[in-house]
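1. need coordinates for the following:
(one chain, ligands or ions: 3)
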Amino acid sequence: MLMLAIWADVLRFPLIKRERGSLFFTELSVAYSLFLVITILIHLGEEGVFLYPLKISMILWILHFTSFPVLLFMWMHFNALNVVDNEKLVNMLTYIHSAPLIVFLVISAIDITRQKFYPFNLKYEHMLPSMGTYYFIILSLLFCVIMMLSTLGHRKKIKESFLFIVILMPISFTISVVVFFLTHTYGMFILTNSIMLVLYYLLGQRDFYRTDALTGLATYTLLKHKLVRIFRSQAPYAVILLDIENFRYFNSRYGKSQGDQMLVSLAKYLGTLVESNEIYRISNDQFCLSVSIKDGRTVQTLIDTITERMAHPWQLTDRSVHIQVNIAVITIPQQVKSLEEFSEVSEKLMFELKMLKDKTLIVYTRESTTDYERKQNIVSALRESIKNPDQIILHYQPVYDTKSEQMVFAEALMRIQDKHLGFIRPNDFIFLAEQIGLITPLSQIVLSKICKCIKQLPIENTPLKFISMNLSGEDFELVHFKEVMLDIIERENINPKYVNFEITESVLLQSYETVTKAMVALSKKDITFSLDDFGTGYSNLSSLIDLPYDYVKLDRSIILAGMTNYNMLQMLTEMIHKMGKLVIAEGVETKEQLLQIRNVGIDMVQGYYFSMPLSEEDFRMLFK
Ligand code: C2E
Ligand code: MG
Ligand code: MG
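-> Ligands and ions are numbered 1, 2, ... in the order given. Model (predicted):
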């Protein structure tokens, strides 16, 4: 009855049945159901309901008799899969113990032909069991002992709720073997099998209910369960990891409920591409598909379809939005051969995906590890530098008035000086710091260093208007961002007008409302703003017009393009002037570039032609 209930339920949910129960559960329940059918058939034969020809009767008895240790062997394997997390050890255990099982099957066959096998020769029934029967008892006990030893050996790694079942299993099977030896009846064995299957089934169902509540998808734990099976069979599989780029911004810009809707829509969309038991939500904004490569469905088409979909907007209740997903692919068994290796590689790739800005696909290779390690080292260097701010160094690059060639301000540029890695440039660490949430403490250190530098300068008696500092989008995520910044300036006793914040268009557009609010509030305190790297972003001018910034820094690429396209540069400069802002040319390296920007009327210039970024000491020398 219990088995029928399990089967009815499994059949009701065909798609999730493989993820439901624990590992090897389906195989085990099939085997046990067959055993039950055979037992019932034999019973009906004995009761005289059916009359079998001798051959059929013999086959039934052989199957019945040998299924006891075969089932125990399967239970042992099942137990090992669930308890021993080392795949190699499980395989070794299985190989070693299948040998005595095969010997048993051979002995049973010999025993039958010698007619000493008690079911066929009634006169043996009251006597001692014959050779095969002895062997069978010993073998069954051996399997029980192995189950017990491996369980006890791994007891520390087993979750508490699970521990009860895995300890109960070998004990109850040992009892059922002893009862069989004493009574020659299968009652206890049947009871133990049924109870164990039901217990494991309930445990598996609990896993099912642990699926992600929002999207209804399976979780990382269930993916791991599936992978154990995949690695066991060494079947060709591809695991595709998907990460929504900048999902944190999405949430902060549109709100959490829109973010949730986005996740559900994406989950639904992925559901149209693969079977429901092939999708997992493995972390907040990361999904995973595990697809068999066998059935002609190429991984590349799947990736192309997903990438293509990202070009179109997603319709949420309040608005339609665009998202970008970054994708990483791991193929099994070519690239990754075991679960341990998979966990390691997928962790690295998930980290890599979070850091991706412009690339959208990583195909895992062993070489990518070195890149990952360097990034990990930079992350440690960043953490250390926050504890020890002496390692954070600011260089100051002067910016000159195009006409008077006087220094009018300077931009502070951050570097990290690390014991092991040496001098690290911002392009190597800013995006990492942003992703792991270290940029806000860094920015606070930078601001207080700038304030300290300003204090040392005879700033009131020079044309120097301010020192500018770069801000990231993440800075604005800090709840009391403007208060924290003003606090630092006040603590250092500096007039806020000596500070200018540089922000890029992408920062602005990522969380438009938060940034504009902060900009308006800080401008009221006399802090000025510059729009950095103009010409590299989306250049959504309409959303930039009304914002309180005074300077626009044209990116080096625009200056380079302007060398051959005079009109473009001139029109751009005029347009910005009409908006009431001043124009700064970035990255000016040659005399020709300087002449060109002077001709088009650009107000200020920054670049190697005039000065490299200088150490604080060298920078101060300019005022001597
Ligand atoms: P950015 O704000 O556009 O800074 C200008 C970058 O151009 C600096 O690179 C500077 O050294 C470089 N540069 C200046 N003149 C020339 C030139 O004539 N030719 C060329 N090819 N390059 C020139 P750096 O110092 O490597 O900084 C790179 C970026 O890192 C900065 O770009 C800024 O976005 C970011 N960054 C730097 N410091 C900070 C910081 O304290 N906080 C944040 N959030 N970002 C920072
Ligand atoms: Mg800048
Ligand atoms: Mg710039």
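2. relative to Ser523, how far out is Ile327?
-> Per C-beta to C-beta, to the nearest Å, Ile327 is found 41 Å from Ser523. Just so you know, the C-beta spots here come from the backbone N, C-alpha and C atoms, and that holds for glycine as well.
3. tell me which of those two has more neighbours.
-> Ile327 (24 against 17; other C-beta atoms under 10 Å).
4. in the sheet, who's paired with the more buried one?
-> With DSSP bridges as the criterion, Ile327 is bridged to Leu242, Leu361.
5. what's the following helix or strand after the strand or helix carrying Val379?
-> In the assignment (DSSP states H and E), Val379 maps to helix 368-387. Of the helices and strands lying after helix 368-387 in sequence (DSSP H and E), the nearest is strand 392-401.
6. which neighbouring elements make contact with that following strand?
-> strand 407-418, helix 439-456, strand 604-605, strand 614-615, helix 616-621 (3 or more C-beta pairs under 8 Å, 6 or more residues apart in numbering; DSSP states H and E).
7. hey, which of these is tucked in deepest?
-> strand 604-605 (a mean of 22; mean count of other C-beta atoms under 10 Å).
8. is that strand positioned near ligand 3?
-> No: applying C-beta under 5 Å from the ion, one finds strand 604-605 separated from ligand 3 by no less than 12.9 Å.
9. what is the rounded mean pLDDT of that strand?
-> Averaging pLDDT along strand 604-605 yields 98.
10. from the chain's centroid, how far away is that strand?
-> Strand 604-605 sits 44 Å away from the centroid of its parent chain (C-alpha atoms, centre = their mean, to the nearest Å).
11. so what does it touch, helix or strand wise?
-> When contacts are defined as 3+ C-beta pairs under 8 Å, 6+ apart, strand 604-605 packs onto strand 392-401, strand 582-585.
12. wait, which of those is closest to Leu222?
-> The closest of these to Leu222 is strand 392-401. By C-beta to C-beta, the value is 43.3 Å.
13. contact partners of that closest one?
-> With contacts defined as C-beta atoms under 8 Å, 6 or more residues apart in numbering, strand 392-401 is touched by 385, 406-417, 442, 445-446, 449-450, 453, 463, 467, 584, 603-606, 610-616, 619, 622.
14. can you give the strand pairings for that strand, parallel or anti for each?
-> By DSSP bridges, strand 392-401 pairs with strand 407-418 (antiparallel), strand 604-605 (antiparallel), strand 614-615 (antiparallel).
15. against which helices or strands is whatever helix or strand comes next after the first one packed?
-> Per DSSP H and E, strand 407-418 leads on to strand 422-424 as the next helix or strand towards the C-terminus. Under the contact criterion of 3+ C-beta pairs under 8 Å, 6+ apart, strand 422-424 touches strand 407-418.
16. now check the strand it packs on, is it near ligand 3?
-> No: interface with ligand 3: strand 407-418 contributes nothing (C-beta under 5 Å from the ion), its closest point being 8.2 Å away.
17. so the closest residue to Met563 other than its chain neighbours is in which element?
-> Spatial nearest neighbour of Met563, excluding adjacent residues (C-beta to C-beta, 6 or more residues apart in numbering): Gln596 at 5.9 Å. Taking DSSP H and E as the definition, Gln596 sits inside helix 591-600.
18. which parts of the chain sit against ligand 1?
-> Contacts of the chain with ligand 1, taken as C-beta under 6 Å from any ligand atom, map to 397, 413-414, 425-427, 430, 439, 446, 469-472, 502, 532-533, 556, 586-589, 606-608, 613.
19. from Ser611, how far out is the closest residue to ligand 1 within the stretch 251-400 of the chain?
-> For the stretch 251-400 of the chain and ligand 1, the shortest gap (C-beta to the nearest ligand atom) falls at Gln397, measuring 5.6 Å. Computed as C-beta to C-beta, the Gln397 to Ser611 distance reads 6 Å.
20. for Thr211, same thing?
-> Distance from Thr211 to Ser611, counting by C-beta to C-beta: 59 Å.
21. and the host helix or strand of Leu60, what other elements does it pack with?
-> Counting by DSSP H and E, the element that carries Leu60 is helix 54-83. If contacts are counted by 3+ C-beta pairs under 8 Å, 6+ apart, helix 54-83 sits against helix 25-46, helix 87-113, helix 131-153, helix 160-183, helix 187-209.
22. any idea how far the first one is from the chain center?
-> When you say that, I think you mean helix 25-46. 43 Å.
23. now the element after the helix or strand harbouring Val507, going C-ward?
-> Val507 is part of helix 505-510, with elements assigned from DSSP H and E. Using DSSP H and E, the helix or strand that follows helix 505-510 towards the C-terminus is helix 512-524.
24. any residue of the helix or strand just after that next one touching ligand 3?
-> Proceeding N to C from helix 512-524, the next assigned helix or strand is strand 528-534, under DSSP H and E. Yes: under the criterion of C-beta under 5 Å from the ion, strand 528-534 makes contact with ligand 3 via Asp532, Asp533.
25. just checking: what are the partner strands of strand 528-534?
-> strand 499-504 (parallel), strand 551-554 (parallel).
26. tell me which of these sits most buried.
-> It is strand 551-554: most buried of these by mean count of other C-beta under 10 Å, with a mean of 24.
27. quick check: buried residues in the helix or strand following it?
-> Under the assignment DSSP H and E, the closest C-terminal helix or strand after strand 551-554 is helix 556-562. Judged by neighbour count using 16 or more other C-beta atoms under 10 Å, the buried positions of helix 556-562 are Arg556, Ile558, Ile559, Gly562.
28. out of these, flag the one nearest to Leu349.
-> Using C-beta to C-beta, the buried residues of helix 556-562 come closest to Leu349 at Arg556, 32.8 Å.
29. so is the nearest residue to that closest one once chain neighbours are set aside in a helix, a strand, or just coil?
-> Distances taken as C-beta to C-beta, 6+ apart put Gly587 closest to Arg556, at 2.8 Å, once the chain neighbours are dropped. Three-state assignment for Gly587 (DSSP: H, G, I helix; E, B strand; the rest coil): coil.
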